[in-house]
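# kindly return the folded structure for what I paste below:
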Amino acid sequence: HVEFLRGIANPIGVKCGPSLAADELLRLCDALDPEREPGRLTLILRIGAAAIEAVLPGWLCALKAEGRQPLLVCDPMHGNTERGGPRKLRRYEVMLGEVQRFFATVRG
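As a prediction, the model looks like this:
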């Protein structure tokens, strides 16, 4: 998918989960936005409330060190799914906690 998306001129959004290492994130940025065009790359963070404070600071440091400024979107719906029988559950307070931690970390 990454190779295909390299050739697309439109803005691109990439879903990023907690298992993505900072060096992998930078390689994605290099591949999908080599010219560092403002607004070209949006990182859709699907980290989860339990991992956001462990993962996001490292990503932000890596991006800053490389002079990268992709758009960041917090998507708490997908990193905080619980199973409740046949249904997927997402607890409001957990999702809200992730959003609050996201903003606190980004604002630093």
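
# point out where this protein drops to low pLDDT.
Along the chain, the model assigns pLDDT under 70 to residues 1.

# do that again at 90, thanks
1-9, 77-89, 108 (pLDDT under 90).

# and the helices in it?
2-6, 22-32, 52-65, 92-107 (DSSP state H).

# other residues contacting the second one?
Spelled out, it's helix 22-32. With Cβ atoms under 8 Å, 6 or more residues apart in numbering as the contact definition, helix 22-32 has outside contacts at 2-3, 5-6, 12, 14, 16, 40-41, 43, 58-59, 61-63, 66, 68, 70. Heads up, the C-betas are built off the backbone N, CA and C, glycines and all.

# ok, now the longest one?
By Cβ under 8 Å, 6+ apart, the residues outside helix 92-107 that reach it are 45, 47-49, 52-53, 56-57, 60, 72, 74, 76-77, 79-80.
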